[in-house]
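Asker: Just the structure for this:
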Amino acid sequence: MIDTIVQYPVEQIRSQFPNLSVDIKGNKLRYLDNAATTHKPQSVINSIESFYKESNSNIHRGVHTLSQKATKMYEDSRKVVKEFINAQLVEEIIFTKGTTEGINLVANSFGKKYLKQGSVILLSQMEHHSNIVPWQLVAEQYDAEIKVIPMFESGELDMDTFSRLITENVSILSIVHMSNSLGTINPVKEMIQLAHKEGAMVLVDAAQSAQHIPIDVQELDCDFLVFSGHKLYGPTGVGVLYGKKKILEELPPFLGGGDMILSVTFEKTTFNKLPAKFEAGTPNISGVIGLGSALLYMKSVGVEYIQEYEKSLLLECTHQLQEIPELRIIGTAKEKASVISFTLNNIHPHDIGSMLDADGIAVRAGHHCSQPVMNFYGIPATTRISFGMYNTIDEIDYTVQSIRSIIKMFA
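Answerer: A predicted model of the protein is given here:
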């Protein structure tokens, strides 16, 4: 067995997540589907409940006390996000519905400003559908071309091919930081440096990495970065787009409506300053407040601390699964985090997921919105185990035992 971090207070952390105590079909819940969404600590639940009980009001529009209080809570969360990813300026933080909306915002606004016939959009073979489809839509609209960075059997990108693909014709590189289906951590800092040398901008999809890896946008020097609240212990329906101020100021708005304007006549509209320019309409106020609470909770535990602990879980689970001859791990990159996808001989992942559920184990089965990855490996789907800060070695032992039972049953 791989030694865990003795000092890590996992039981204390687990006690702060109410959903972890539920029973599933007469069994204690073992929740290993954190790449899809994470559970929420009581502090996040309390912050949302408190807003609706004591501070519910629309923001940025009212002079009355509740509106001023709600506005402060909302904007305080923006400051929390700024510190969490080490952005230079608070106005570089744009609140969205999630990663998908953030990518669509950039694709559409960037496309309107910069894309033309012959422009190249560079993606990788391991992208989530949300970082493929928006670019396909704008590529078709502006007659641009999408090129794809291939990967190896290990689930690592072919960096030699990338260095040949990243030419002056590339307008933007949109790259996943951590693969949701493989766990691969891509060398995004190196890729950003190469892209900038050729004059390309870079969007980093941090939907999976933000809960596992410390993010520093100034160190990365990315032009855009997106992530979702629900994957890092916050509410659903809220996310973040980070963009460098100078670039955001040059891009046209994505959505039109209230709060993103300074003045409106039927002849002309003058747009608001950042960040309001990209936040049209009444936002998910409670979600933003809950997101701020979630990031503060992660900070209280320590993101580096969480990363170290989750690495021990990944190593232990990988070690145990490798001892099962019928099991094939999909994605064996040297740099990976908190995700293990696998197949079992002649057993469909949906059957595996259903049988694990009967034992109270929650995993994900399917193509994980990464069909190009499945096509690369010649498989329809995988079963995916993914860890969060509250998982334990005991849960791994229990899950591996259940997998062995499934194999015996089918044998």
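Asker: looking at this, residue 356 is in a helix?
Answerer: Yes. The assignment for residue 356 is a helix, going by DSSP: H, G, I helix; E, B strand; the rest coil.
Asker: show me the contacts for it.
Answerer: 362, 363, 383, 399, 402, 403, 406 (C-beta atoms under 8 Å, 6 or more residues apart in numbering). C-betas here are computed from N, CA, C, even on glycine.
Asker: Those residues into TSV, with extra columns for neighbour count, secondary structure and distance to residue 39?
Answerer: What follows is the contacts of residue 356, written out as TSV (neighbours: other C-beta atoms under 10 Å; DSSP: H, G, I helix; E, B strand; the rest coil; distance: C-beta to C-beta, whole Å):
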residue	neighbour count	secondary structure	distance to residue 39
362	17	strand	10
363	26	coil	15
383	24	strand	20
399	23	helix	17
402	19	helix	20
403	26	helix	23
406	19	helix	25
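Asker: from memory residue 154 sits against residue 333, does it?
Answerer: Yes. With contact defined as C-beta atoms under 8 Å, residue 154 reaches residue 333; the gap is 5.4 Å.
Asker: For those two, work out which one has more neighbours and name it.
Answerer: With neighbours defined as other C-beta atoms under 10 Å, residue 154 and residue 333 compare such that residue 333 has more, 19 against 13.
Asker: Against residue 229, how distant is that one?
Answerer: 27 Å (C-beta to C-beta, to the nearest Å).
Asker: Likewise for residue 182?
Answerer: 23 Å.
Asker: Put the alpha carbons of stretch 204-212 into PDB.
Answerer: Extracted as PDB, the C-alpha positions of stretch 204-212 are listed here (Å, rounded to 0.1, in the frame of the first residue of the first chain):
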ATOM      1  CA  VAL A 204      -6.700  27.400 -21.000                       C
ATOM      2  CA  ASP A 205      -9.600  25.100 -20.100                       C
ATOM      3  CA  ALA A 206      -9.100  24.600 -16.300                       C
ATOM      4  CA  ALA A 207     -12.500  23.000 -15.600                       C
ATOM      5  CA  GLN A 208     -10.700  19.900 -14.200                       C
ATOM      6  CA  SER A 209      -7.500  21.300 -13.000                       C
ATOM      7  CA  ALA A 210      -8.800  24.100 -10.800                       C
ATOM      8  CA  GLN A 211      -9.800  21.800  -8.000                       C
ATOM      9  CA  HIS A 212      -6.600  19.800  -8.100                       C
END
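Asker: Show the average pLDDT along that stretch.
Answerer: Averaging pLDDT along stretch 204-212 gives 97.
Asker: Also stretch 352-361?
Answerer: The average pLDDT within stretch 352-361 is 96.
Asker: residue with max distance from the center of the protein?
Answerer: With distances taken as C-alpha atoms, centre = their mean, the residue sitting farthest from the centre of the chain turns out to be residue 267, at 40.3 Å.
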